[in-house]
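Novice: Okay, here's the prediction I keep looking at, along with the sequence it came from:
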Amino acid sequence: MDALGAFLEENGMTVVDPPGEYYGRSYYAVYFTDPDGMKLEAMVYKPPPKQTAGGEEEIGWDREFKLRSRARGRWSRSSLVS
């Protein structure tokens, strides 16, 4: 969504609500208007966070990277803060 938001702005589209979390942490969207002024939405939905085996919560949109980093031994509790 972030890349789409940047693409829209670079190509002269009007972004009315920037890429971000809307309606909770599982819903990430960007809102923009088409040339006729119609408001459109692009979105991604991810299921709510799950608990890891160690009891830590997987959070944020970069959850896959955090899990990959944890497997390589570079994970820390502070990396869960967005």
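Specialist: Looks like it arrived, so ask away.
Novice: can you list the weak-confidence ranges in the protein?
Specialist: Residues of the chain that meet the criterion pLDDT under 70 lie in 49-52, 54-82.
Novice: Show me the helices in it, by range?
Specialist: Counting by DSSP state H, the chain has helices at residues 2-10, 63-71.
Novice: buried set for the first one?
Specialist: Right, helix 2-10. 4-5, 8 (16 or more other CB atoms under 10 Å). Any C-beta I mention is one placed from the backbone N, CA and C, and that applies to glycine too.
Novice: With distance to residue 42 as extra columns, can I get the residues you listed in JSON lines?
Specialist: Shown next, in JSON lines, are the buried residues of helix 2-10 (distance: CB to CB, whole Å):
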{"residue": "4", "distance to residue 42": "6"}
{"residue": "5", "distance to residue 42": "9"}
{"residue": "8", "distance to residue 42": "9"}
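Novice: right, and out of these, which lies closest to residue 19?
Specialist: Closest to residue 19 out of the buried residues of helix 2-10 is residue 5 (4.1 Å), distances taken as CB to CB.
Novice: residues in contact with that closest one?
Specialist: 15, 18-19, 30, 32 (CB atoms under 8 Å, 6 or more residues apart in numbering).
Novice: nearest to residue 43, of those?
Specialist: In terms of CB to CB, no member of those lies closer to residue 43 than residue 30, at 7.8 Å.
Novice: And that closest one, how far from residue 22?
Specialist: For residue 30, the distance to residue 22 (CB to CB, to the nearest Å) stands at 9 Å.
Novice: where do the contact lists of these two overlap?
Specialist: What both residue 30 and residue 22 touch, as defined by CB under 8 Å, 6+ apart, is the set residue 43.
Novice: More neighbours: which of the two?
Specialist: residue 30 (25 against 15; other CB atoms under 10 Å).
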